[in-house]
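Chemist: fold the following.
(2 chains)
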There are 2 protein chains.
Amino acid sequence: MKLLEERILSDGKIYEGNVLKVDSFLNHQLDVKLLSEIGAELKRLYGNCGITKILTIEASGIGVGCMVAQFFDCPLLFAKKTKTINIKGDVYHSCVESFTHQCVYDVIVSKDFLKSEDTVLIVDDFLAKGNALNGLIDIVNQSGARLAGCGIAIEKAFQGGGDALRQKGIRVESMAIIEQMDSGTGEIIFGTRN
Amino acid sequence: MKLLEERILSDGKIYEGNVLKVDSFLNHQLDVKLLSEIGAELKRLYGNCGITKILTIEASGIGVGCMVAQFFDCPLLFAKKTKTINIKGDVYHSCVESFTHQCVYDVIVSKDFLKSEDTVLIVDDFLAKGNALNGLIDIVNQSGARLAGCGIAIEKAFQGGGDALRQKGIRVESMAIIEQMDSGTGEIIFGTRN
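Modeler: Model prediction:
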């Protein structure tokens, strides 16, 4: 999506350790118009898949997830992160390793809101190694729902998570795919898939 | 807002300890159409205030915040909760006590995104004792921005946070105000303010 690539080039900041900071429009301050454009594009790509639920993970997935759910006229469901071992109530849960926060947390979704008759589009702001996404896919599989695919704002392809999922036959559509980025020069090279 | 009151009556669940569970439409699964109606109503109430920024707090404020920001054609900024003492970068921060999670955490907002020339509408899903809201107001005051007021989905008036803010002269508009609720009978009594 040209609009997102341009925004990354103008407002994104690259730091050492493969960090791309886009907190001026994607995950601290949110440009809701841009998120709405992502929703429109995912509707174009997944519009004929019979999506009944958008699934994301707190916190920064919620913004893009809401705007996507508007286009599909269905609810947004967000998985909660918890470090507590006590899982309350009747929930699906999966373990996710966080590189940002250097910990493992449980990701939970209430069984009330994800059923075998659902068709799910998983949405998130970032895809790097794919840990969060794998946790969400695990939860969809537990529920027996059908996974239509994933819709991602920014994929850092050089970290391999997206291609690993595609190789497993999972449809992954990313609005901007970064093949390379250089914290020294600030250069970003975008690519395509599919 | 009649629509929200009706939804609370049909889908909300009351538990002991003043807990109102609305996770089927407000803070786990999100009914984005309902959130959009809240956005429309807040636009009606605050539309002439020159709002330049919607401010909320992660995680469940982000959904309603996004939908509100659409109506005001401005960005959503969400404060991050952190338990780390190391405050990175140039941020405003405030301490907030959480009754749900029984801890005190730092709430941070980057100074890059909140300036003295901003006019801010604070949005959140719940208002009970007002701890989160007081933290956000503290941050707005630190920034020198003008606070237009607060827009809340559900106010539990019997916990006093909303009226304490109104007594300080802060405008608080809540889409549903619960005066009393009874976990035994399931009865909920709504009220009004202003």
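
Chemist: so which bits of the longest helix along chain A are buried?
Modeler: Determined from DSSP state H, the single longest helix within chain A is helix A:32-46. Within helix A:32-46, the residues that count as buried by 16 or more other C-beta atoms under 10 Å in any protein chain shown are A:Val32, A:Leu34, A:Leu35, A:Ser36, A:Glu37, A:Ile38, A:Gly39, A:Glu41, A:Leu42, A:Lys43, A:Leu45, A:Tyr46. Quick note: C-beta positions are derived from backbone N, CA and C, even for glycine.

Chemist: list the contacts of the next helix or strand after that helix.
Modeler: For helix A:32-46, the following helix or strand on the C-terminal side (DSSP states H and E) is strand A:53-57. Here strand A:53-57 makes contact (C-beta atoms under 8 Å, 6 or more residues apart in numbering or on different chains) with A:62, A:64-65, A:68-69, A:72, A:74-79, A:81, A:107, A:109, A:113-114, A:118-124, A:132, A:135-136, A:139-140, A:145.

Chemist: please name the residues that touch A:Leu30.
Modeler: A:Gly63, B:Ile62, B:Cys66, B:Ala69, B:Pro75, B:Leu76, B:Leu77, B:Phe78.

Chemist: the fourth one is in what secondary structure piece?
Modeler: Yep, that's B:Ala69 we're talking about. helix B:61-72.

Chemist: for that helix, which helices and strands make contact with it?
Modeler: The contact analysis (3 or more C-beta pairs under 8 Å, 6 or more residues apart in numbering or on different chains; DSSP states H and E) places helix B:61-72 against strand A:29-30, helix A:32-46, helix A:61-72, helix B:32-46, strand B:53-57, strand B:76-82, strand B:119-127.

Chemist: what angle separates that helix from strand B:76-82?
Modeler: Here helix B:61-72 runs at an angle of 160 degrees relative to strand B:76-82 (axes from the mean of the first three to the mean of the last three C-alpha atoms, to 10 degrees).

Chemist: helix B:61-72: how far from the chain's middle?
Modeler: 11 Å (C-alpha atoms, centre = their mean, to the nearest Å).

Chemist: let me know the pLDDT of the residue nearest the centre of chain A.
Modeler: Against the mean C-alpha coordinate of chain A, by C-alpha atoms, centre = their mean, the closest residue is A:Asp124 at 1.7 Å. We have a pLDDT of 98 for A:Asp124.

Chemist: swap in A:Asn86?
Modeler: Per-residue pLDDT puts A:Asn86 at 51.

Chemist: okay, now the unreliable bits of chain A?
Modeler: Low-confidence segments of chain A, defined by pLDDT under 70, span residues A:83-88, A:99-102.

Chemist: contact residues of it facing chain B?
Modeler: Within chain A, the positions lying close to chain B (C-beta under 8 Å from any C-beta of the partner chain) are A:23-25, A:28-33, A:35-36, A:58-59, A:62-63, A:66-67, A:69-70, A:73, A:75-78, A:80, A:109-110, A:112-113.

Chemist: mark which of those residues are buried, thanks.
Modeler: A:23-25, A:28-32, A:35-36, A:58-59, A:62-63, A:66-67, A:69-70, A:75-78, A:80, A:109-110, A:113.

Chemist: what angle do the host helix or strand of A:Leu133 and helix A:61-72 make?
Modeler: Assigned by DSSP H and E, A:Leu133 falls within helix A:131-143. In terms of direction (the same axes, to 10 degrees), helix A:131-143 departs from helix A:61-72 by 50 degrees.

Chemist: so can I have JSON lines of the buried residues of helix A:32-46 showing distance to A:Glu16?
Modeler: Below are the buried residues of helix A:32-46 laid out as JSON lines (distance: C-beta to C-beta, whole Å):
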{"residue": "A:Val32", "distance to A:Glu16": "31"}
{"residue": "A:Leu34", "distance to A:Glu16": "26"}
{"residue": "A:Leu35", "distance to A:Glu16": "28"}
{"residue": "A:Ser36", "distance to A:Glu16": "33"}
{"residue": "A:Glu37", "distance to A:Glu16": "30"}
{"residue": "A:Ile38", "distance to A:Glu16": "28"}
{"residue": "A:Gly39", "distance to A:Glu16": "33"}
{"residue": "A:Glu41", "distance to A:Glu16": "31"}
{"residue": "A:Leu42", "distance to A:Glu16": "32"}
{"residue": "A:Lys43", "distance to A:Glu16": "37"}
{"residue": "A:Leu45", "distance to A:Glu16": "34"}
{"residue": "A:Tyr46", "distance to A:Glu16": "35"}
